[in-house]
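[1] From the sequence below, what's the structure:
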Amino acid sequence: MGRGIAVLMMFDSFRTDSHFMSDPRTSASRSEPKPDRPTVVLAAFPESRFTTRSRSPSIMSAMKLSELPEKPPRPHTYFDLPSRFVDVPRPDSARPIRIHYKEAGAGDPLLLVHGLMTSSYSFRYLIPLLAPHGRVVVPDLPGAGESDAPTDLSMAPDSVAEVLLSFIAALALGPTHVVGNSLGGYESLWLATNHRDQVRRLTIIHAPGFPHTKLRAMQLAMAIPGSATVFRRLVTKNPEAFVAKNVHYHDPRTMSLEEARTYGAIFRDTARTEVFRRILRESVAPAKMKELHARIRAMRANGEALPPTRLLWARHDVMVPATFGEKYKALLPDADLVWFDDVSHFMHVDEPEKVASAILSSVRQK
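    Residues are numbered from 1 along each chain as shown. Coordinates of the predicted model:
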């Protein structure tokens, strides 16, 4: 029983003391980076009237489910876009995975890859800003949104990267520009490392990718016998409340019941809940992070260049330490690191116009 309670506490702390996170109220005095201001011009779009500015980072606390509005404060057209499906082969067999995706625009392809516990819905504000400039394709990764949830598929980052490669091939997108947020950014870097010819330019938006003390603690907790049962009870007890606690925005009023229900739906499905648990165990394993770092360093030593990369990083994030931006810059010295103020882990929701400008200014470079 004692060990089970310890596991429950570890999982429940995901919202404010997660395996990736630093507390924005204390990180400034401890390890807050002091980078130069962004040199990239981010003025292609007018500032949204919904933007909130000049606030303390502590505003990035979550709201209670009972406090959430029915609809998000900023309207969007995500649900107006038709849902599309394509079967792609699994990396471990010829059996297909049915992938759901949204698409808008025409021209050069731009693939948007979402992060943990989210889906293509995460890019609801970015899609219409990017669609006038190319073919924007936004899949739900396995287990997320409306895509299949194969419980026997490896959710290691290189395996998910192979699914992305199959998706690119199925839609004849490659070589494509790729934008990945959070875990999707980390998995997109695996894609760019293993299949450089399929990625024209890569944009990583505040991603994990480096071993961390709390990450190791979570991995140990998930290995305890009975932890899977405790985890399932935690996330399925009230899926919408779990989402509201764990998806953080700079302005917590950005969260809505619509969003909580959209993301929480996976926890009302046994297979999707299991895939989510396996993602936590397999996708952020420290050993795989070290493997990726070693591959990238070996490529650099051999004179093999990765696709041009831009790093979009929040100065304060309660999910991934801001210091990871500097670590990625050290790992990818040719990458362009752009810092953002007054945004969260999901800066493409907080400031979609500025993020779209940063993406497009990179895509347009020759």
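
[2] which ones are touching Met255?
    Neighbouring residues of Met255 by CB atoms under 8 Å, 6 or more residues apart in numbering: 62-63, 68, 72, 244, 247, 249. (Glycine included, C-beta is placed from N, CA and C.)

[3] Can you check the pLDDT for it?
    The model reports Met255 with a pLDDT of 96.

[4] Any figure for the gap between it and Gly145?
    18 Å (CB to CB, to the nearest Å).

[5] How about Ala156?
    For Ala156, the distance to Gly145 (CB to CB) stands at 20 Å.

[6] what's the longest strand in the protein?
    strand 96-104 (DSSP state E).

[7] How far off centre is it?
    Chain-centre distance of strand 96-104: 17 Å, with CA atoms, centre = their mean, to the nearest Å.

[8] Repeat that for stretch 317-329.
    With CA atoms, centre = their mean as the basis, stretch 317-329 stands 13 Å off its chain's centre.

[9] now do stretch 346-363
    Distance of stretch 346-363 from the chain centroid (CA atoms, centre = their mean) equals 14 Å.

[10] cool, stretch 351-366 as well?
    Per CA atoms, centre = their mean, the centroid offset for stretch 351-366 relative to its chain is 17 Å.

[11] So for it, mean pLDDT?
    Stretch 351-366 shows a mean pLDDT of 94.

[12] then that stretch to PDB, C-alphas only?
    Taking Å, rounded to 0.1, in the frame of the first residue of the first chain, the C-alpha atoms of stretch 351-366 are listed here in PDB:
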ATOM      1  CA  GLU A 351       1.000  33.800 -28.900                       C
ATOM      2  CA  PRO A 352       0.100  32.100 -32.200                       C
ATOM      3  CA  GLU A 353       0.900  35.100 -34.400                       C
ATOM      4  CA  LYS A 354       4.400  35.500 -33.100                       C
ATOM      5  CA  VAL A 355       5.100  31.800 -33.300                       C
ATOM      6  CA  ALA A 356       3.700  31.600 -36.900                       C
ATOM      7  CA  SER A 357       6.100  34.500 -37.800                       C
ATOM      8  CA  ALA A 358       9.100  32.700 -36.300                       C
ATOM      9  CA  ILE A 359       8.200  29.500 -38.200                       C
ATOM     10  CA  LEU A 360       7.600  31.300 -41.500                       C
ATOM     11  CA  SER A 361      10.800  33.400 -41.300                       C
ATOM     12  CA  SER A 362      12.700  30.100 -40.900                       C
ATOM     13  CA  VAL A 363      10.800  28.300 -43.600                       C
ATOM     14  CA  ARG A 364      11.500  31.100 -46.100                       C
ATOM     15  CA  GLN A 365      15.200  31.000 -45.600                       C
ATOM     16  CA  LYS A 366      17.200  29.500 -48.500                       C
END
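
[13] Now whatever helix or strand comes next after the longest strand of the chain: average pLDDT?
    Next along the chain after strand 96-104, taking DSSP states H and E as the criterion, comes strand 109-113. Strand 109-113 comes out with an average pLDDT of 98.

[14] Next, the angle strand 96-104 makes with strand 109-113.
    Going by axes from the mean of the first three to the mean of the last three CA atoms, to 10 degrees, strand 109-113 is angled at 120 degrees with respect to strand 96-104.

[15] From the contact counts, what lies against strand 109-113?
    Using 3 or more CB pairs under 8 Å, 6 or more residues apart in numbering; DSSP states H and E as the contact definition, the elements that strand 109-113 packs against are helix 126-130, strand 135-139, helix 157-170, strand 176-181, helix 183-194.

[16] So which of those is the most surrounded?
    strand 176-181 (a mean of 27; mean count of other CB atoms under 10 Å).

[17] Using PDB, write down the CA coordinates of that one.
    Extracted C-alpha coordinates of strand 176-181, given in PDB (Å, rounded to 0.1, in the frame of the first residue of the first chain):
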ATOM      1  CA  THR A 176       8.800  18.600 -45.700                       C
ATOM      2  CA  HIS A 177       9.200  21.400 -43.100                       C
ATOM      3  CA  VAL A 178       8.500  20.000 -39.600                       C
ATOM      4  CA  VAL A 179       7.400  21.800 -36.500                       C
ATOM      5  CA  GLY A 180       7.200  19.900 -33.300                       C
ATOM      6  CA  ASN A 181       5.900  21.000 -29.800                       C
END
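
[18] partners of that strand, with directions?
    strand 109-113 (parallel), strand 199-205 (parallel) (DSSP bridges).

[19] possible to save these as JSON lines with distance to Asp152 and mean neighbour count?
    Below are these laid out as JSON lines (distance: least, CB to CB, whole Å; neighbours: other CB atoms under 10 Å):
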{"stretch": "strand 109-113", "distance to Asp152": "22", "mean neighbour count": "26"}
{"stretch": "strand 199-205", "distance to Asp152": "28", "mean neighbour count": "25"}
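
[20] Tabulate those strands in JSON lines, adding columns for distance to Pro128.
    Listed next are the strands paired with strand 176-181 as JSON lines, based on distance: least, CB to CB, whole Å:
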{"stretch": "strand 109-113", "distance to Pro128": "12"}
{"stretch": "strand 199-205", "distance to Pro128": "18"}
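
[21] of those, which approaches Arg300 most closely?
    Nearest to Arg300 among these is strand 199-205; the distance by CB to CB comes to 15.4 Å.

[22] how far off helix 183-194 does the closest one point, in degrees?
    Using the same axes, to 10 degrees, one finds that strand 199-205 and helix 183-194 are set 150 degrees apart in direction.

[23] Name the residues that touch strand 199-205?
    174-182, 185-186, 188-189, 191-192, 306-312, 328, 347-348, 355, 358-359, 362-363, 365.
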